[in-house]
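Engineer: How does the following fold in three dimensions:
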Amino acid sequence: MQNIVKFSSRIVGSTVQGRLHSKNNIECQDRINTYKSGKVVAIALSDGAGSYANSALGAEEITKRIANNFCINFFKIVRRSKSDIKKRVIAEINRTLKLLHNNHSLPKKEFSCTLLFVVSDGNRFIAGHIGDGVIGRFSRNKIDVLSEPENYDFSNVTCFITSSNLLKNLRIYRGSSKFYDGFVLMSDGSTDSLYSKKNDKLSKSLVEIKKWTQNYPIEMVNIALEKNMKELIRLKTHDDCSLIMAVKIEKSHHQMRHLDKDFLMELLNAKNQLSLKNKMKVLYQICNNNIQNTKVVAKKTSLSTSTVRSHKNVLKSLTNNQIG
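Structural biologist: This is a model prediction of the structure:
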């Protein structure tokens, strides 16, 4: 039986200037950010309010700070109650708005933006949502909605991080992510193409993007994603469009042998074909033959102990289990 190797989540995403902003020569006000710490991965997205000229500053800063804070402190935060987690998010929002106000000498309302984020170690997750946009989660060939948009009675009216009632407007989710192989965040511009509000369902095309991420190099996926967003998704809306997803990679050694070679080199952080070949040898002994002892692996693979040790250290940093 082939053992499954679980790699750290891979992240792809793109932001595209909306047609209205392009026409009026206004920058894209959507922002995406990510942060990794060990096996913990955070993704965050924000849509700057179109009615404020400096909202992109708020979107950039809040996504960066939330992703960093919750990723680094994940194991401490995930044990807290939802109420405590909500208070921590609000505290970070208040610190961010104060920082922006002090740095730019502008009213806090100028930095109005939505906020969506997910942080996970592969087993558990925390998610937060203020405003419109959608958070989705993948389970193999299926995708469902974790958090729907908050638009009140009008599609272009929502709440922002500058809301006076964040305790009410901020939605927090927490739970097991063992049976999910990815999460996706998108702004309201992207939801016009990828989300049915009537049926509360997400497009199956997102599952295809997830599969790209699980089988091709990140740069290739990001180029294809941006092309699709520019040529298809932005044409169905006037808004800026953004999307970011974190996807688990779980492969057997047999499956890895048949992967796209550029993808495999990237997945195993191999600098050349020889490095790739040797890493695959080491991985096979550890994961399929359950051999952890460096000297025994060296003997089985005809590699030096120093080479095996070096490859084991790299593989340990790339995987969430099995590499001792």
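
Engineer: Let's see the lowest-mean-pLDDT helix or strand in the chain as CSV, backbone CA atoms only.
Structural biologist: None of the helices or strands of the chain scores lower by mean pLDDT, DSSP states H and E than helix 19-23, at a mean of 85. Output of helix 19-23 as CSV, limited to C-alpha atoms (Å, rounded to 0.1, in the frame of the first residue of the first chain):
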residue,chain,number,x,y,z
ARG,A,19,-13.4,47.8,-15.9
LEU,A,20,-14.8,50.9,-14.2
HIS,A,21,-11.6,51.7,-12.4
SER,A,22,-9.6,51.0,-15.7
LYS,A,23,-11.9,53.5,-17.5
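
Engineer: Going along the chain from it, find the next helix or strand for me.
Structural biologist: strand 30-37 (DSSP states H and E).

Engineer: Give the buried residues for that next one.
Structural biologist: Going by neighbour count (16 or more other C-beta atoms under 10 Å), the buried part of strand 30-37 is 30-35, 37. Quick note: C-beta positions are derived from backbone N, CA and C, even for glycine.

Engineer: ok, now stretch 295-309?
Structural biologist: So stretch 295-309, judged by 16+ other C-beta under 10 Å, has buried residues 297-298, 300-301, 303, 307-308.

Engineer: who touches it?
Structural biologist: 278, 281-282, 285-286, 289, 291, 294, 311-312 (C-beta atoms under 8 Å, 6 or more residues apart in numbering).

Engineer: Of these, keep whichever come out buried.
Structural biologist: Here, 16+ other C-beta under 10 Å leaves 278, 281-282, 285-286, 291, 294, 311-312 buried among the contacts of stretch 295-309.

Engineer: right, and residue 12 touches residue 211 too?
Structural biologist: No. If you go by C-beta atoms under 8 Å, residue 12 and residue 211 don't touch, sitting 11.6 Å apart.

Engineer: Between these two, point out the one with more neighbours.
Structural biologist: residue 12 (25 against 15; other C-beta atoms under 10 Å).

Engineer: so that one sits in a strand?
Structural biologist: Yes. With DSSP: H, G, I helix; E, B strand; the rest coil as the criterion, residue 12 is part of a strand.

Engineer: residues in contact with it?
Structural biologist: 209, 212-213, 218, 221-222, 225, 244-245, 247.

Engineer: Show me which pair in these is furthest apart.
Structural biologist: Spatially, the most separated pair among these is 212 and 244, at 14.1 Å (C-beta to C-beta).

Engineer: Check which helices and strands the longest helix seen in the chain is in contact with.
Structural biologist: In the chain, assigned by DSSP state H, the helix with the most residues is helix 82-104. Applying 3 or more C-beta pairs under 8 Å, 6 or more residues apart in numbering; DSSP states H and E, one finds that helix 82-104 makes contact with helix 55-72, strand 124-130, helix 166-169, strand 171-176.

Engineer: Quick one: distance of the very next helix or strand once past that helix to the chain centre.
Structural biologist: Under the assignment DSSP H and E, the closest C-terminal helix or strand after helix 82-104 is strand 115-120. Its chain's C-alpha centre and that of strand 115-120 lie 8 Å apart, by C-alpha atoms, centre = their mean, to the nearest Å.

Engineer: just checking, what packs against strand 115-120?
Structural biologist: Strand 115-120 packs on strand 40-47, helix 55-72, strand 124-130, strand 134-139, strand 182-186, going by 3+ C-beta pairs under 8 Å, 6+ apart.

Engineer: What pairs with it, parallel or antiparallel?
Structural biologist: Applying DSSP bridges to the sheet, strand 115-120 is found paired with strand 40-47 (antiparallel), strand 124-130 (antiparallel).

Engineer: Let me see the mean pLDDT of stretch 159-167.
Structural biologist: The average pLDDT for stretch 159-167 rounds to 94.

Engineer: How about that stretch, which residues are buried there?
Structural biologist: For stretch 159-167, by 16+ other C-beta under 10 Å, it's 159-163, 166.

Engineer: and the contacts of stretch 295-309 as JSON lines, adding distance to residue 19 and secondary structure?
Structural biologist: Formatted as JSON lines, those follow (distance: C-beta to C-beta, whole Å; DSSP: H, G, I helix; E, B strand; the rest coil):
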{"residue": "278", "distance to residue 19": "50", "secondary structure": "helix"}
{"residue": "281", "distance to residue 19": "52", "secondary structure": "helix"}
{"residue": "282", "distance to residue 19": "51", "secondary structure": "helix"}
{"residue": "285", "distance to residue 19": "55", "secondary structure": "helix"}
{"residue": "286", "distance to residue 19": "51", "secondary structure": "helix"}
{"residue": "289", "distance to residue 19": "56", "secondary structure": "coil"}
{"residue": "291", "distance to residue 19": "57", "secondary structure": "coil"}
{"residue": "294", "distance to residue 19": "57", "secondary structure": "helix"}
{"residue": "311", "distance to residue 19": "49", "secondary structure": "helix"}
{"residue": "312", "distance to residue 19": "51", "secondary structure": "helix"}
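
Engineer: how about the strands of the stretch 151-300 of the chain, start to end?
Structural biologist: In the stretch 151-300 of the chain, the segments counted as strands under DSSP state E, counting those that start in this stretch are 171-176, 182-186, 195-196, 201-202, 241-252.

Engineer: Good, we can wrap up now.
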